[in-house]
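Q: Sequence plus predicted model, see below.
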Amino acid sequence: MGKTSGKRDTGVNESRNTEATEANEKQDGRAAGHRPPYGIRAALDAHTTMTLAYADEDGPQACAVLYAPTETPDGDPVLLFVTSATTRHGRALLGGAPVAFTAQRDGQEWTALTGLQGRGTCRLLEGEERETAWRAYAARYPYVDRNERLRQAMERTGVWELRPGWLRLVDNGQGFGHKTEWTRHPIV
């Protein structure tokens, strides 16, 4: 089981809305301690682009990819993205090495800055897993299906899942440096 923590530099307790949401999740029979806190899940849903950092034989590198958030039946977060296994990052990810990532909107004022940091592992999906993931990805980005040329190109591209083992939400709107963390055990 993962755990949630309200760690933040300011030492402020979780907001009432987050506590109420987590209490409701417990009453609904969902394991709030296993799933990331509501604020983290909401931020994953609110953002669309992540910067994925990895290392290969040529050293560290990063790339930006559009992602679609989903979760496992147990409530663990999963981020789906599309890229070719022949790109530098695709080749690096095939080895299953750990990755780090961030997701945030551009142009935010520092007083309301919201973003995510995370670590996890990626894997290329195949067969029925790929088809299921593709449907979730295409539902998030419906313009892909509306453009025949883009749809055909994307259908030939690999669909990947990133399974975070650790997530941190930074939300300056809750106070400068406000952080909420979640860890899936064992940590990646």
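A: Sure thing, it's come through.
Q: from here on, contacts and neighbour counts on C-alpha atoms
A: Fine.
Q: distance of the spatially most central residue of the chain from residue 56?
A: Using Cα atoms, centre = their mean, the residue of the chain that lies closest to the mean C-alpha position is residue 79, 4.6 Å off. Distance, residue 79 to residue 56, by Cα to Cα, to the nearest Å: 21 Å.
Q: cool, and residue 65?
A: Taken as Cα to Cα, the span from residue 65 to residue 56 is 18 Å.
Q: now residue 154
A: Residue 154 is 25 Å from residue 56, by Cα to Cα.
Q: next one: residue 86
A: Residue 86 sits 14 Å away from residue 56, going by Cα to Cα.
Q: For the longest helix that the chain contains, list every residue counted as buried.
A: Across the chain, the longest stretch assigned as helix under DSSP state H is helix 127-140. Under the neighbour-count criterion of 16 or more other Cα atoms under 10 Å, helix 127-140 has 130, 133, 134, 137, 140 buried.
Q: residue ranges for the strands of this protein, please.
A: Assigned by DSSP state E, the strands in the chain fall at 3-5, 49-56, 59-71, 77-82, 99-104, 114-124, 159-171, 179-183.
Q: quick one: which of these has the weakest pLDDT on average?
A: Among the strands of the chain, strand 3-5 carries the lowest mean pLDDT, at a mean of 33.
Q: Give me the neighbour count for residue 145.
A: With neighbours defined by other Cα atoms under 10 Å, the count for residue 145 comes to 15.
Q: dump the residue contacts of it.
A: Counting by Cα atoms under 8 Å, 6 or more residues apart in numbering, residue 145 touches 138, 151.
Q: Would you mind measuring from it to residue 136?
A: 12 Å.
Q: Same check on residue 117?
A: The gap separating residue 117 from residue 136 is 22 Å, by Cα to Cα.
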